[in-house]
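Trainee: this one's structure only:
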Ligand SMILES: NC(=O)c1ccc[n+]([C@@H]2O[C@H](COP(=O)([O-])OP(=O)(O)OC[C@H]3O[C@@H](n4cnc5c(N)ncnc54)[C@H](O)[C@@H]3O)[C@@H](O)[C@H]2O)c1
């Protein structure tokens, strides 16, 4: 029998009576869930990655998807989800979902990148738990706000870098923590696959009729208005555009750098330097390199650690930088960690490989089993366990990635980053890119 879900409001009322609101952690308030009480989840952006996000969360026996929202009412988008969840409330504007905040406990945000922070911040400020796709936000400032908002509201959060919970990445992190390659001296990370979303070199002229099922103004959301063009932005191809996306580094580095961050316990870089051809006015680049320097950690060999990111079709790290035997095949995307005892390739996504082969011929790799990135969030919202890509962790990871996208727009310059002050201290143009303007009437509510 399905028991009645408990609302945060009811809980706060109860806690206030007990005099304990200010003292409780998110897990504290979640603990009031009884074994049969259900987590009521709203899914915002239900097609594309959104489909696997909400269906994976709904795999929990304790979750009801009670609200679905998509700016496209068409058969691939809202209509498809409505067939899947016939009892769910249907909306085309996320603000209406949050107007009915008392009916939901948690929100999944699977929209294009430019809407992650505005929706998630509003949800967290209403005390809702949030699962938000990667990258956490569209700017560095927004990303910091996500972390602050989660801490202030004491809600349970998870970024959608689900490969973090895959056996391949978990096993790689364990290898580093077990000292298999010794302390790490240097890291190279790359994504050299084709760019399937870079369809044009500049904004196409004119406009196309907006499909009757599409709410184009709501799709634009916080971004400046522009005419609708078929297939150029919605769905999926918004990735090419600076107004909506964070470029190839933003698309991939929250995955590929994640096991590097986790295993080496990195925090914030101190310097970032980008190399890229001059960018078109509104689009991202097809190829870039970003060099980061981090303070050393207990897992690194020196006082500092150099990490270099490469993206673009066929853009691999130079062979001579890797110290590998000639002919060693690299995966299309992944990382190489060069340690004092040996090296570790962490492919995106496949079993890690220790090198050189001769050194590790008898080494038995202990495979760590998969975790469930989605259900573990739902469980944590109900007070069971914790999330591993909560915004405390995924915030600094995303800030690092988005600093790379700033460096690409200011190439050949070493940018100095003061993470505590949230400032690029030596470059006013780059520093200004930590933030962006918002369309009038769509300004997010910041955490003070
Ligand atoms: N974790 C991963 O492996 C992974 C993979 C793909 C995409 N992603 C991330 O998922 C997000 C979505 O990417 P996608 O490829 O699915 O994009 P998409 O454009 O294909 O799909 C986005 C969905 O959200 C809807 N939508 C757009 N704006 C909305 C709004 N304001 N309110 C409600 N619905 C809205 C669209 O109609 C569509 O159904 C991005 O942030 C992307 O980076 C993550």
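Mentor: That came through, no problem. All of these numbers come straight from a predicted model, not from anything done at the bench.
Trainee: Name the SS class of residue 388, please.
Mentor: coil (DSSP: H, G, I helix; E, B strand; the rest coil).
Trainee: So it versus residue 377, what's the distance?
Mentor: 10 Å (CB to CB, to the nearest Å). Bear in mind the C-beta positions are built from the backbone N, C-alpha and C, glycine included.
Trainee: Let me know whether residue 174 touches residue 346 as I believe.
Mentor: No. Using CB atoms under 8 Å, residue 174 is not in contact with residue 346, being 11.6 Å away.
Trainee: who has more neighbours, the two?
Mentor: residue 346 (29 against 17; other CB atoms under 10 Å).
Trainee: Give me the three-state assignment for that one.
Mentor: strand.
Trainee: Wait, it touches residue 259, no?
Mentor: Yes. Judged on CB under 8 Å, residue 346 makes contact with residue 259 at a distance of 5.2 Å.
Trainee: From residue 145, how far off is the residue nearest to residue 141 when sequence neighbours are not counted?
Mentor: The spatial neighbour of residue 141 that comes closest, neighbours along the chain excluded (CB to CB, 6 or more residues apart in numbering), is residue 435 at 4.4 Å. The gap separating residue 435 from residue 145 is 10 Å, by CB to CB.
Trainee: Below-threshold pLDDT in the stretch 1-150 of the chain: ranges please.
Mentor: Scanning the stretch 1-150 of the chain with the threshold set as pLDDT under 70 gives 1-32, 34-36.
Trainee: how about the strands in it?
Mentor: Counting by DSSP state E, counting those that start in this stretch, residue ranges of the strands within the stretch 1-150 of the chain are 39-44, 63-69, 89-91, 106-109, 129-132.
Trainee: now the ones you listed in JSON lines, with mean neighbour count and distance to residue 201?
Mentor: As requested, the strands of the stretch 1-150 of the chain are exported to JSON lines (neighbours: other CB atoms under 10 Å; distance: least, CB to CB, whole Å):
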{"stretch": "strand 39-44", "mean neighbour count": "26", "distance to residue 201": "32"}
{"stretch": "strand 63-69", "mean neighbour count": "23", "distance to residue 201": "34"}
{"stretch": "strand 89-91", "mean neighbour count": "17", "distance to residue 201": "36"}
{"stretch": "strand 106-109", "mean neighbour count": "27", "distance to residue 201": "31"}
{"stretch": "strand 129-132", "mean neighbour count": "29", "distance to residue 201": "31"}
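Trainee: Take these and write them to JSON lines, including distance to the ligand.
Mentor: Output for the strands of the stretch 1-150 of the chain, formatted as JSON lines (distance: least, CB to the nearest ligand atom, whole Å):
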{"stretch": "strand 39-44", "distance to the ligand": "5"}
{"stretch": "strand 63-69", "distance to the ligand": "5"}
{"stretch": "strand 89-91", "distance to the ligand": "8"}
{"stretch": "strand 106-109", "distance to the ligand": "8"}
{"stretch": "strand 129-132", "distance to the ligand": "8"}
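Trainee: How about the residue in the stretch 151-300 of the chain that the ligand sits nearest to, nearest residue that isn't a chain neighbour?
Mentor: Closest approach of the stretch 151-300 of the chain to the ligand (CB to the nearest ligand atom) occurs at residue 235, with a separation of 3.5 Å. Take residue 235 and drop its neighbours on the chain: the residue closest to it by CB to CB, 6+ apart is residue 48, 6.0 Å away.
Trainee: And residue 183, by the same measure?
Mentor: residue 301 (4.1 Å).
Trainee: so what are the domain limits for the protein?
Mentor: 34-162+376-387, 163-370+388-447 (the TED database).
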